[in-house]
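> what's the 3D shape of this:
(one chain, ligands or ions: 1)
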Amino acid sequence: MSAKEINFDGLVGPTHNYTGLSWGNIASTSHAGLRSSPRKAALQGLEKMRTLMRLGLTQGILPPHERPHLATLTRLGFSGTPQGMIKAAWKAAPPLLNTIMSASPMWTANAATVSPSADTSDGKVHFTPANLVAMAHRATEAPTTSRVLKAIFADPTRFVHHDPLPGHSQFGDEGAANHTRLGGDYGDPGVELFVYGREALDPSKPAPTQYPARQTLEASQAIARLHGLRASSTIFAQQHPDAIDAGVFHNDVIAVGNRNVLFFYEAAFLDSGALLEELSNLVEAFTPVKLAAQDVPIEDVVKSYLFNSQLISVPGEEKMCLIAPGEAKSTPSVAAYLDDLVASGGPIGDVHYMDLRESMQNGGGPACLRLRVVLTEQEESALGARVLLDDLLTDEIEAWIKTHYRETLEPDDLHDPALMTESYAALDELTQILQIGTIYDFQKA
Ligand code: SUG
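You can find the predicted model right below:
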């Protein structure tokens, strides 16, 4: 069956800010306290989407979540008017309010794990929203993500939605950021590679010592079971604990795959030898592209987010293309490596650099901002909302951003009650533009 990969990018929300919530994500902690630009962030993201469209790819979009997330404040014992709750939370502890103001759902690589219909035992596309339990500000995302995915992939004859895994660190799940599908054509049965940071049931196994390993083997195994994947073409590999301790909090910060190509850093996996052997047995014409540690130090890999590039097949082009962050160009060791890589005649023939600085300063590069969904033509035509971009919709979203988003936001602005009113009004309008129905709590009140 023929199928294509559609990137569903997260639209940056109106409260995009820097308060350093993600321990182990060096960009997030090192930019804490900076002034952000929600408008610039959203426009930078939209420009990436336009770039992929210009290359001939189908591009999807996922809406931001409601912020402030008042439901979390209610669960934490705050009550009264929304304005009163915000004031009380700020007074109790600003970090508490920061937690419910983060625009982190923009990084849709963490929204869910998705298995295409060619890989699943019932021939349907399976979705499991990530529980994101490792970080408090992200642990509240799954219910809204689930609502959004169910609204878009609504047809029960084609799409299956699982509940997020139980909310315990033993089942810590960060979604597609730790999941790569390899194989031939997108419509052919593929090999699903799950990369985990630690084995929760066996603490004697290697694990990072400084920063959290957010994804467990147990979570990855549960998703493979839920999705009905063939055991013979499902691989579980451990990320190198030293990489996590160097700031690689998700596998997509150190490796990226597409079809028969895996582009990765030498020190990405605990046992690269075994993984590469398994992949060469399972993937036809498997082509590993390895960056040696002696060519680029891991600090530059993390700083530049080289491996958080999107590796894409461009229609009509024989070679693949990287959609890389601008920081890869401004990091000399990485820029030189990429020039050589393109000139080498290997499977990667081109690099497009994108300015995503606003998202990057929170540790979110090109690949963090997108959820890959492989769909057949029939599945694509069954989508239940207006979320596939064309020029008209992209222009409408751009105008919507320019009308509603603030130019700048300081961390101290987050308790401004006007920010809530503005954000909710904007999001309410967006649901109409996207024809996605009622997905936010505030719309039900
Ligand atoms: O979970 N940053 C995100 C970045 C996610 C990147 N995603 C992938 N690698 N796929 C995170 O650490 C920072 C938010 C803040 O500090 O407000 C943040 O959540």
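> which bits of this protein sit near the ligand?
When proximity is defined by Cβ under 6 Å from any ligand atom, the chain lies next to the ligand at 19-22, 25, 28, 102, 104, 107, 109-110, 135, 138, 177, 249-250, 252-253, 362-364, 368. From N, CA and C alone the C-beta is placed, and that goes for glycine too.
> let me know the secondary structure of P105.
helix (DSSP: H, G, I helix; E, B strand; the rest coil).
> use 331 as the first number from now on
With the count now opening at 331, the last piece we talked about shows up as P435.
> residues in contact with T438?
F338, D339, G340, L392, L699, R700, L701 (Cβ atoms under 8 Å, 6 or more residues apart in numbering).
> let me have these in CSV, extended by secondary structure, neighbour count and pLDDT.
Below are the contacts of T438 laid out as CSV (DSSP: H, G, I helix; E, B strand; the rest coil; neighbours: other Cβ atoms under 10 Å; pLDDT from 0 to 100):
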residue, secondary structure, neighbour count, pLDDT
F338, strand, 24, 99
D339, strand, 25, 99
G340, strand, 28, 98
L392, strand, 25, 98
L699, coil, 29, 99
R700, strand, 28, 98
L701, strand, 26, 99
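> and for P435, the neighbour number?
P435: 27 surrounding residues under other Cβ atoms under 10 Å.
> same thing with A423?
So A423, with other Cβ under 10 Å, has 10 neighbours.
> not counting its neighbours along the chain, what's nearest the residue in the stretch 531-680 of the chain that the ligand sits nearest to?
Nearest residue of the stretch 531-680 of the chain to the ligand, counting by Cβ to the nearest ligand atom: H580, 3.7 Å away. Leaving aside its sequence neighbours, H580 sits nearest to A507 (Cβ to Cβ, 6 or more residues apart in numbering; 3.9 Å).
> could you do G453 as well?
Nearest residue to G453 in three dimensions, chain neighbours excluded: S447, at 5.2 Å (Cβ to Cβ, 6+ apart).
> mind listing what the one you found touches?
Going by Cβ under 8 Å, 6+ apart, S447 touches M331, A333, G453, K454, V455, R488, T706, E709.
> gap between the third one and T706?
Summarising the geometry, the distance separating G453 from T706, computed by Cβ to Cβ, to the nearest Å, is 10 Å.
> just the helices in the stretch 581-730 of the chain please.
602-612, 628-634, 656-660, 662-673, 687-690, 707-711, 721-734 (DSSP state H, counting those that start in this stretch).
> using a markdown table, lay out the ones you listed together with mean neighbour count.
Shown next, in a markdown table, are the helices of the stretch 581-730 of the chain (neighbours: other Cβ atoms under 10 Å):
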| stretch | mean neighbour count |
| --- | --- |
| helix 602-612 | 15 |
| helix 628-634 | 21 |
| helix 656-660 | 19 |
| helix 662-673 | 16 |
| helix 687-690 | 22 |
| helix 707-711 | 14 |
| helix 721-734 | 14 |
